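**Student:** Sequence first, predicted model second:
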Amino acid sequence: MKKNAFFIFFAIFFVIISFMIIFHKTKQKDNELVFWTLQMRDFAPYIEKVIADFEAQNPDIKIKWIDIPFSEGEKRTLAAILSNNPPDLINLNPDFSALLAQKGTLYEINENSLNQFSPQIISNLKIEGKNYLIPWYATSAITFINSNKGLNSTPRTYNDILTYCNTTTQKSIMMFNFSENDSMLKLLNKYGIAKKEEINSLQSISLFKSLQKAYTTGCFPKDSINQTHREALEKFIAEETSVFEGGANFLNLIKENSPKTYSKIKITTQLTGSTGKYHFSVMNFVIPVKSSKQQEALSFALFLTNKENQLELGKITNVLATNQEALQDKFYTQSSTKDLQTQARIQSAKQLKKIQPIPFYQNRKELINLINNATQQILLNQDSVENILNKLKDDWAKL
């Protein structure tokens, strides 16, 4: 009897201990907030410090940070979103975020929660009038000019470039990447050409004819039709072109690869169209609708993007803050030096006050392909501009 009682006692004790262990593990898991970033491992000390600060202020929450290679971001996010246990906060780009929102997989955020951000940026990130995206950091391209290449004035608009092309025998003024991602979509948007009804308008026809003429006469290098930003940068570094448009972060690359070219650079505003407004790029956070910690994820995202953390990120990465208080800091507004990178950062930050929103397109990738293909046909003079744009309008309507 004593032996049986001992075994019964031991069995009950074992069950109780096992239950306590399981409960403890579950409790730990319940307190864990899973946070994904895209290729931010190089900035691990910064992110780990932000996580430590947040956990100190919120002892009931533990952050599990996972950094994903950029090339795998969309694939792994899609798989996670479709599961019943997705990450709680994910770093993505707006295009893929919009696709996920369209499918009803993202948590809708009350606009009052986003008051700390630049209103212009928040307005640009709305998807069918709703907020799903929390902006993290931004970039806004500026224009680099080789001051020794003979430009008789500083171009401010694409029309300035096109006009200069018509009055000079100089070749390869600028390498515009006609087929790279959404370059043409952004260019058209700067001219207020954003709907299928406008794509074959007189303004659009005139713009495309000007681009065709500039390409035919050699103002844009012939390989502009199929090359990327990387090749455009290489041509500028080699001083084969006079003008390059890109983010302030490219200055480091130019300085490292060609101090001689770097010494000749003059900074000016991003080239604009008839609207006079600028485009920008942003990386954001989203919260899956299946997350069990939506409010905690939102709190952590807002902590990551407060003034102090945004300024620190800007100083170590040379990106732009999205927090409006951070953007008003002297780091983004004042300069006591002629340092090119400081000038570039201040100019880029100014442009965020005057940005041209790009409409939300349900079939954005397909539309970009249509526009880029039509642009190639126009540049290569495969048919009249009018016929190509009329067909583009019809194809757009079928999407």
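**Tutor:** It's in.

**Student:** switch to C-alpha atoms for all contacts and neighbour counts from now on
**Tutor:** Fine.

**Student:** residue boundaries of the strands in this protein?
**Tutor:** Assigned by DSSP state E, the strands in the chain fall at 32-38, 62-68, 89-92, 134-139, 142-146, 243-246, 265-268, 281-286, 320-321.

**Student:** is it possible to export those strands to CSV including mean pLDDT?
**Tutor:** CSV is the format used below for those (pLDDT from 0 to 100):
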stretch, mean pLDDT
strand 32-38, 98
strand 62-68, 98
strand 89-92, 98
strand 134-139, 97
strand 142-146, 96
strand 243-246, 95
strand 265-268, 94
strand 281-286, 96
strand 320-321, 96
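
**Student:** looking at the ones you listed, which is buried most?
**Tutor:** Highest mean neighbour count among the strands of the chain (mean count of other C-alpha atoms under 10 Å): strand 320-321, with a mean of 29.

**Student:** Low-confidence regions, this protein specifically.
**Tutor:** 1-29 (pLDDT under 70).

**Student:** Would you map the helices across the stretch 51-200 of the chain?
**Tutor:** Here the stretch 51-200 of the chain has its helices, by DSSP state H, counting those that start in this stretch, at 73-82, 94-102, 119-124, 158-166, 183-190.

**Student:** export the strands of the chain to TSV and tack on distance to residue 105?
**Tutor:** TSV is the format used below for the strands of the chain (distance: least, C-alpha to C-alpha, whole Å):
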stretch	distance to residue 105
strand 32-38	16
strand 62-68	20
strand 89-92	12
strand 134-139	15
strand 142-146	35
strand 243-246	33
strand 265-268	41
strand 281-286	10
strand 320-321	27
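
**Student:** Could you point out which of these sits nearest residue 234?
**Tutor:** Among the strands of the chain, strand 243-246 comes nearest to residue 234, with 9.9 Å by C-alpha to C-alpha.

**Student:** List of residues touching that closest one?
**Tutor:** Applying C-alpha atoms under 8 Å, 6 or more residues apart in numbering, the contact partners of strand 243-246 are 140-146, 173-175, 232-233, 236, 270-271.

**Student:** Show me which pair in these is furthest apart.
**Tutor:** 140 and 173 (21.5 Å).

**Student:** Can you get me a residue count around residue 230?
**Tutor:** 9 (other C-alpha atoms under 10 Å).

**Student:** got the contact list for it?
**Tutor:** Here residue 230 is in contact with no residue (C-alpha under 8 Å, 6+ apart).

**Student:** do the same with residue 287
**Tutor:** Here residue 287 is in contact with 88-90, 106-107, 132, 294, 297-298 (C-alpha under 8 Å, 6+ apart).

**Student:** What sits closest to it if chain neighbours are left out?
**Tutor:** Excluding the flanking residues, the one nearest residue 287 by C-alpha to C-alpha, 6 or more residues apart in numbering is residue 89, at 5.0 Å.

**Student:** Which stretches in the stretch 251-399 of the chain count as helices?
**Tutor:** Under DSSP H, counting those that start in this stretch, the stretch 251-399 of the chain gives helices at 259-262, 294-304, 307-317, 324-327, 330-333, 340-351, 364-379, 385-398.

**Student:** Now do residue 163 against residue 304, distance only.
**Tutor:** Look at residue 163 and residue 304: by C-alpha to C-alpha, to the nearest Å, they are 45 Å apart.

**Student:** Compare those two and say which is more crowded by neighbours.
**Tutor:** residue 304 (18 against 14).

**Student:** How many residues are close by the closest residue to the more buried one other than its chain neighbours?
**Tutor:** Spatial nearest neighbour of residue 304, chain neighbours left out: residue 50 (6.8 Å); criterion: C-alpha to C-alpha, 6+ apart. A count of neighbours around residue 50, defined by other C-alpha under 10 Å, yields 16.

**Student:** pretty sure residue 50 is touching residue 310, no?
**Tutor:** No - with contacts counted by C-alpha atoms under 8 Å, residue 50 stays clear of residue 310, the gap being 10.6 Å.

**Student:** how about the closest residue to residue 151 other than its chain neighbours, what does it touch?
**Tutor:** Leaving aside its chain neighbours, residue 151 sits nearest to residue 242 (7.8 Å; criterion: C-alpha to C-alpha, 6+ apart). For residue 242, the contacting residues are 145-147, 149, 151, 172-174, 236, by C-alpha under 8 Å, 6+ apart.

**Student:** rewinding a little: joint contacts of residue 50 and residue 310?
**Tutor:** Common neighbours of residue 50 and residue 310 (C-alpha under 8 Å, 6+ apart) are residue 304.

**Student:** returning to what we had before: of the helices of the stretch 51-200 of the chain, which approaches residue 342 most closely?
**Tutor:** Of all the helices of the stretch 51-200 of the chain, helix 119-124 comes closest under C-alpha to C-alpha, at 22.1 Å.

**Student:** Restricting to C-alpha, output that closest one in CSV.
**Tutor:** C-alpha atoms of helix 119-124 as CSV (Å, rounded to 0.1, in the frame of the first residue of the first chain):
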residue,chain,number,x,y,z
PRO,A,119,0.5,64.3,-42.5
GLN,A,120,1.7,64.3,-46.1
ILE,A,121,3.3,60.9,-45.7
ILE,A,122,0.2,59.4,-44.0
SER,A,123,-2.0,60.8,-46.7
ASN,A,124,0.2,59.1,-49.3
